[in-house]
Each structure stands twice: as C-alpha cells, then as structure tokens.
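1. Provide a 3D model corresponding to the input given below.
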Amino acid sequence: MKNDDLAYIDENLHIIKERCAEAVTKYRSSNDNVRIMAVTKTVAPEAINHAIELGIDLLGENRVQEYLSKADFYDKSAEVQFIGHLQTNKVKYIINSVSMIQSVDSIKLGQEISRLAVKNGRAMDVLCEVNIGGEESKSGIAPSGLKELIDGLSELEGVRVRGLMTIPPPSDSDIFLGRMKELYDSISSEYKGMDTLSMGMTHDYAEAIRYGSTLVRIGTGLFGARDYSK
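-> As a prediction, this is how the structure comes out:
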C-alpha cells in the first residue's frame, strides 16, 4: 500500500485534530489535554503505521485474535490499549503488551487481570466500562453497581483503576454523555488516582469533549468505513 493511497488519513486526522481543538477551546480549560485514540478494528497495519507517522501515539484494539495477528507489524512507538469486550480466558494473551484495559465490567475479569499481572510482575491500568444507556446489547456495569465494582477492583493487587469508559446510545447521545460526566465527577472525587474518562467516537467526539472526555476513540472518522463482518 503506497503512501499516496493513504493520503485520506492525513486529511481525516487534520479534521479530527481541528475539531478537538475547537471543542476544547469552546468548552474546556485551555490546558486540558484530550488524547486521540486510533481504533484499529479491521484496519490494515500499513494504514495504522501511517497514522502513527502522522503523530497518532495511541491505538485501541477491540479483538484479541485480530490484535495478535497484527501486533508484530505495528510501529512500536505507539501505545496500545484494549477497548473491546474481554473474556477472562483471553487476558493472558494481552497482559504484557497493552498499557490499559478499558473494558472491565466485572470482579471476575478484574481478578483474572490481577492474577496475571502479579504473575508477570506488573500493574495493569484499567477503566470500568459503564453501560450508561442500560442497553441489553452492550456490555458494561450499570451505574448503580459501579461503586461496588470499583471497591472490589481497588482491593486487587496489580490492578489500578484509572477511570471510566462508556459507549452511549447513538440516539440522545448528549443526554447520556452528560450523565457520564456527572457520574465521573462524583466517582473521581471519591476515589484517588482517577484521571481518565474515555468516551466519544466518530459521531460524537466533539460533544464528548464538551462533557469532560479525556480520551476519544476514533476509527471510521480516521480510517474510513470498514467491513465489520471480517
């Protein structure tokens, strides 16, 4: 794949950075830092590495098997975090190659992360995934169960709870983004060490920044429409 064929990524990233900067200027303190994560689901390593060359330093992986098939081809200068639904029996495959697991929604998953982190002599940063819209089709802890989950995770060796992640319903997204901000503000004031609110994707990242997101996860907006049946 020639770089000329990847020029659309340059243009898309320019637009994303511009919109993020505008949202920060409009809604946030000028020194607020919002990280842009490139979501790599079904994206070829050549395109991912081109984005890294342009300054992307954070990748988001959804599927363990796909990640393992592509990881060796990635430019190693970028940080990798796991953002997809994670089964406990798959934790062992990523424990030493990702910097954060954003999709922790149960004590059972936390316990396996803890066991393997300790075994490998490391600590794993995690985010609690919140199902803010109460959608049956999505994973995540209900807001009502969040404190119990954080309390349990906080007792586990080798696990550091850094904040919250969510995928709000696409309809009335701004309402649910606002609810997440209220939830995050409340939780982060009670628990030390929280500094990350991961929310906002291609269709709503500017609004997510308005409501306090510190990390936006963008796939289609950066790499274009993809075939998710792969």
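
2. List the contacts of the helix ranked longest in the chain.
-> What stands out as the longest helix in the chain, according to DSSP state H, is helix 7-27. Applying CB atoms under 8 Å, 6 or more residues apart in numbering, the contact partners of helix 7-27 are 30, 32, 34, 36, 47, 50-51, 54-56, 205-207, 209-210, 216, 218, 221-224. Glycine gets a C-beta too; all of them are placed from N, C-alpha and C.

3. okay, which residue is most central for this structure?
-> Compute the mean C-alpha point of the chain, and by CA atoms, centre = their mean the closest residue is residue 83, 4.9 Å away.

4. Surely it and residue 62 touch.
-> Yes - contact criterion CB atoms under 8 Å: residue 83 and residue 62 qualify, at 6.1 Å.

5. Pull up the overlap in contacts between these two.
-> residue 39.

6. all strands of this protein, in order?
-> 35-39, 58-61, 79-82, 100-104, 124-130, 159-166, 196-198, 215-218 (DSSP state E).

7. Including mean neighbour count, could the ones you listed go into a markdown table?
-> Listed next are the strands of the chain as a markdown table, based on neighbours: other CB atoms under 10 Å:
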| stretch | mean neighbour count |
| --- | --- |
| strand 35-39 | 22 |
| strand 58-61 | 22 |
| strand 79-82 | 21 |
| strand 100-104 | 25 |
| strand 124-130 | 25 |
| strand 159-166 | 23 |
| strand 196-198 | 25 |
| strand 215-218 | 24 |
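
8. Make a markdown table from these and add distance to residue 13 to it.
-> Output for the strands of the chain, formatted as a markdown table (distance: least, CB to CB, whole Å):
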| stretch | distance to residue 13 |
| --- | --- |
| strand 35-39 | 8 |
| strand 58-61 | 13 |
| strand 79-82 | 17 |
| strand 100-104 | 21 |
| strand 124-130 | 24 |
| strand 159-166 | 22 |
| strand 196-198 | 19 |
| strand 215-218 | 9 |
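
9. quick revisit: quick one: average confidence on the longest helix of the chain?
-> When pLDDT is averaged along helix 7-27, the result is 96.

10. can you give me how far it is from the chain middle?
-> In terms of CA atoms, centre = their mean, to the nearest Å, the centre of helix 7-27 is set 18 Å apart from its chain centre.

11. mind checking how far residue 144 is from residue 179?
-> Shown here: residue 144 relative to residue 179, a distance of 12 Å by CB to CB, to the nearest Å.

12. quick one, which of the two is more surrounded?
-> Between residue 144 and residue 179, counted using other CB atoms under 10 Å, residue 179 has the larger neighbour count: 17 against 8.

13. Tell me the buried residues in stretch 86-98?
-> Applying a neighbour-count criterion of 16 or more other CB atoms under 10 Å, one finds 86, 90-91, 94-95, 98 buried in stretch 86-98.

14. So for that stretch, mean pLDDT?
-> Stretch 86-98 carries an average pLDDT of 98.

15. What is the end-to-end distance of it?
-> This stretch, stretch 86-98, spans 13 Å end to end (CA to CA, to the nearest Å).

16. Can you pull out the residues in contact with it?
-> So stretch 86-98 is in contact with 61, 64, 67-68, 71, 80-82, 101, 103-104, 108-109, 112-113, 116-117, 120, 122, 124, going by CB under 8 Å, 6+ apart.

17. Okay, now the unreliable bits of the chain?
-> Low-confidence segments of the chain (pLDDT under 70): 1-3, 227-230.
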